[in-house]
Each structure stands twice: as C-alpha cells, then as structure tokens.
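> A structural model of the following input is requested.
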Amino acid sequence: MKLLFFIRNIDLDNRTFGWEGAGGAWVHELVFCRTGHGELVGGRAKITVTTGNLLFNPKGRLVAREGPMTVAQVLFSEELFSPSVHMDREAFYVLGLIKLHSRKQNLIALSKAGAERTASLLDAMLWEFQNRYRGYSWAIRLKLIELLITLMRDSQFKISIKGLKPLSSSRIQDAVLYLNTDYMNKITVDDVLDACGLSRSHFHALFKQETGRTFVDYLSWLRCNRAAELLATTDSTILDIALDCGFNNLSHFYHVFKREKRVSPGRYRRHGSQERDAV
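Next comes the predicted model:
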C-alpha cells in the first residue's frame with residue numbers, strides 16, 4: 001500500500017500554511033495546536049487559535065502570541081483510503097462531514113476530552129511514522145480513521161450546512177454526502193452511481209423517495225443555497241459566485257436561481273434579509 005501520509009511537530013513563531021500539492025491528489029492538512037496560542041491570518045480574516053484547537057486545511061499565516069506555539073502538522077491524501085472497502089467508505093463519509101463543517105471556518109475548537117484524545121492519536125501516528133516497524137502504514141491508517149471519528153463525535157462538532165440529514169438508505173446517504181461535498185464541480189448521474197453502488201433506475205426512485213427531490217432538483221437546490229449564502233455575505237461578482245457553485249454559465253444560473261428562490265440573484269443580494277425571509 002502506498003503511504004500518502006506525513007506528520008511532524010513544529011515549534012513556530014509565525015509560519016504560512018496552505019499546502020498545495022501537484023499531481024491531482026486531494027491532500028488534506030491538519031494542524032493541531034499542542035501548546036501556546038496565536039492567530040491564523042488570511043486576507044482580512046483572523047482566527048484565534050489556542051491549545052487544543054484543530055485547523056482543517058488552513059490557509060494563511062499562523063502567528064504565535066506571547067511565546068512560541070507547538071503544533072502537530074499532518075498531511076494525508078484521500079487516496080490513503082480505498083472506496084472499495086466498507087470501512088474506508090465509512091472513513092470517506094466521516095471525512096466528508098468534516099469537510100462540510102470546515103467550509104465556513106477551518107477551526108474546530110475541540111472539547112477537553114476531544115483535544116486529549118486527538119493529541120494521543122497524533123503521538124501514536126508520529127511514533128509509527130518515525131519508527132516504521134512492520135505494518136506501520138496500516139497502523140497509521142487505522143489511527144487516522146479513529147482521529148476523524150473522534151472529531152466528528154466531539155461535543156463541539158457541528159455541521160454548518162443545512163440539508164444533510166440521516167436517511168434510512170445508507171446508499172442514498174452516500175449519494176447525498178457526495179453531492180454536498182462536491183456540488184461545486186461538474187457532477188453526472190454516473191459519478192453518483194459510482195459513489196453509491198446502485199443501478200440507475202433504482203437510484204432515481206430511491207433518491208426521490210428519500211429526499212423528496214429528483215437528482216437534478218436536489219443538485220440545483222444545493223447549488224442555489226450556497227450561491228444565496230455567498231450573495232448575502234461576500235462582495236464576489238455574480239458570475240464568480242455562479243462558477244464557484246457549479247453553474248456553467250451566467251444565464252443558466254439566473255434561470256435556476258430564480259426558479260428556486262423566486263427572485264433574481266441581483267435582487268436577492270440587494271434586498272438581503274427581506275428576500276431571505278420571503279423565500
């Protein structure tokens with residue numbers, strides 16, 4: 001098994017994070033604050049980081065306050081998991097939830113128990129990575145999955161995006177999770193069928209039964225909800241928002257958004273909360 005994983009401890013005064021890899025592999029970065037406190041500064045935003053906090057895919061400069069910070073840095077690729085293995089499908093599900101959680105902010109302020117457990121798991125992964133005894137890659141993989149579950153189960157963990165709820169069909173839950181985590185990219189029915197392992201006819205019938213929407217309607221609804229959030233909270237152009245939310249062109253975005261929200265994107269942005277209350 002190829003080990004797409006790296007871990008180390010770093011003492012820092014200030015350091016830039018935001019790993020950018022080559023080759024198309026989707027690599028995630030975790031930065032766990034072991035001791036000290038400071039701020040992650042990126043653009044106009046500042047996020048306070050203190051002992052026990054975890055950053056998921058941070059982008060910006062982490063600046064220590066009142067002395068150095070000690071952090072654990074973990075890089076891992078989703079290719080570390082195999083979607084053909086049931087346990088790994090569960091790991092993908094948990095990772096997807098964490099990705100949803102971190103869309104609005106990449107800081108996870110863990111509970112005391114969660115922070116202690118995370119620190120212990122990182123220590124164990126670091127030991128395996130440094131010593132590399134027989135089977136170390138599998139040991140790291142299992143501990144990484146346990147870390148993801150620890151994060152999801154923590155009392156401070158909250159999903160910040162509406163529309164993701166437990167469904168009676170685990171296959172449709174897989175499909176919904178796939179759409180929620182990848183809606184900004186081009187998605188076909190075949191892509192979702194690969195993710196949930198259903199036949200085309202069974203998928204369409206079960207998806208409508210479970211979600212109350214067709215596949216196309218659900219994807220449009222999801223993209224429009226995200227676009228509405230960006231219209232209300234950012235100064236990005238309507239074209240940029242449309243492209244960022246998975247629409248191919250501006251005219252299609254206007255048509256779908258007005259059908260879903262009953263107002264145009266421009267009017268939604270201008271009238272803000274009044275329009276949101278109306279829809």
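
> which stretches of this structure have low pLDDT?
Scanning the chain with the threshold set as pLDDT under 70 gives 1-3, 19-26, 43, 81-93, 97, 99-105, 157-170, 272-279.

> all strands of it, in order?
Here the chain has its strands, by DSSP state E, at 5-12, 14-17, 27-42, 45-50, 53-56, 60-77, 107-109.

> per the record, what domains does this protein have?
Here the domain parsing of the chain from automatic domain parsing is 5-153, 170-278.

> how close does the closest residue in space to His204 that isn't next to it in sequence sit to Arg141?
What sits nearest to His204 in space, not counting adjacent residues and going by Cβ to Cβ, 6 or more residues apart in numbering, is Phe215, at 6.5 Å. Every C-beta, even on glycine, is put in place using the N, C-alpha and C of the backbone. Phe215 sits at a distance of 33 Å from Arg141 (criterion: Cβ to Cβ, to the nearest Å).

> what about those two, which has more around it?
The residue with more neighbours, out of Phe215 and Arg141, is Arg141; 23 against 18, by other Cβ atoms under 10 Å.

> residues contacting the residue nearest to the more buried one when sequence neighbours are not counted?
Closest residue in space to Arg141, ignoring its immediate chain neighbours: Leu80 at 6.1 Å, by Cβ to Cβ, 6+ apart. Going by Cβ atoms under 8 Å, 6 or more residues apart in numbering, Leu80 touches Leu3, Leu4, Phe5, Arg141, Leu144.

> using CSV, lay out the strands of the chain together with mean neighbour count.
What follows is the strands of the chain, written out as CSV (neighbours: other Cβ atoms under 10 Å):
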stretch, mean neighbour count
strand 5-12, 15
strand 14-17, 15
strand 27-42, 20
strand 45-50, 16
strand 53-56, 23
strand 60-77, 18
strand 107-109, 20
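
> of all those, which one is nearest Lys258?
In terms of Cβ to Cβ, the element of those nearest to Lys258 is strand 45-50, at 31.3 Å.

> run through who's touching that closest one.
With contact meaning Cβ under 8 Å, 6+ apart, strand 45-50 is reached by 33, 36-40, 55, 60, 62, 69, 105-107.

> any idea how far that strand is from the chain center?
Distance, stretch centre to chain centre, for strand 45-50: 19 Å (Cα atoms, centre = their mean, to the nearest Å).

> work out the sheet partners of that strand and label each with its direction, please.
Paired neighbours of strand 45-50 in the sheet (DSSP bridges): strand 27-42 (antiparallel).

> for the partner strand, the distance to its chain's centre please.
Centroid displacement of strand 27-42 relative to its chain, using Cα atoms, centre = their mean, is 16 Å.

> just the angle for it relative to strand 60-77, thanks.
For strand 27-42 against strand 60-77, the angle by axes from the mean of the first three to the mean of the last three Cα atoms, to 10 degrees is 170 degrees.

> restrict strand 27-42 to CA atoms and write it as PDB.
Output of strand 27-42 as PDB, limited to C-alpha atoms (Å, rounded to 0.1, in the frame of the first residue of the first chain):
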ATOM      1  CA  VAL A  27      -4.300  16.200   0.000                       C
ATOM      2  CA  HIS A  28      -5.700  17.500   3.300                       C
ATOM      3  CA  GLU A  29      -3.700  19.300   6.000                       C
ATOM      4  CA  LEU A  30      -4.400  19.100   9.800                       C
ATOM      5  CA  VAL A  31      -2.700  21.500  12.200                       C
ATOM      6  CA  PHE A  32      -3.300  20.700  15.900                       C
ATOM      7  CA  CYS A  33      -2.200  23.300  18.500                       C
ATOM      8  CA  ARG A  34      -0.400  21.400  21.300                       C
ATOM      9  CA  THR A  35       0.700  24.400  23.300                       C
ATOM     10  CA  GLY A  36       0.500  28.200  23.100                       C
ATOM     11  CA  HIS A  37      -1.900  30.400  21.300                       C
ATOM     12  CA  GLY A  38      -1.900  32.800  18.400                       C
ATOM     13  CA  GLU A  39      -3.900  33.900  15.300                       C
ATOM     14  CA  LEU A  40      -4.300  32.500  11.800                       C
ATOM     15  CA  VAL A  41      -4.300  35.500   9.500                       C
ATOM     16  CA  GLY A  42      -5.500  35.100   5.900                       C
END
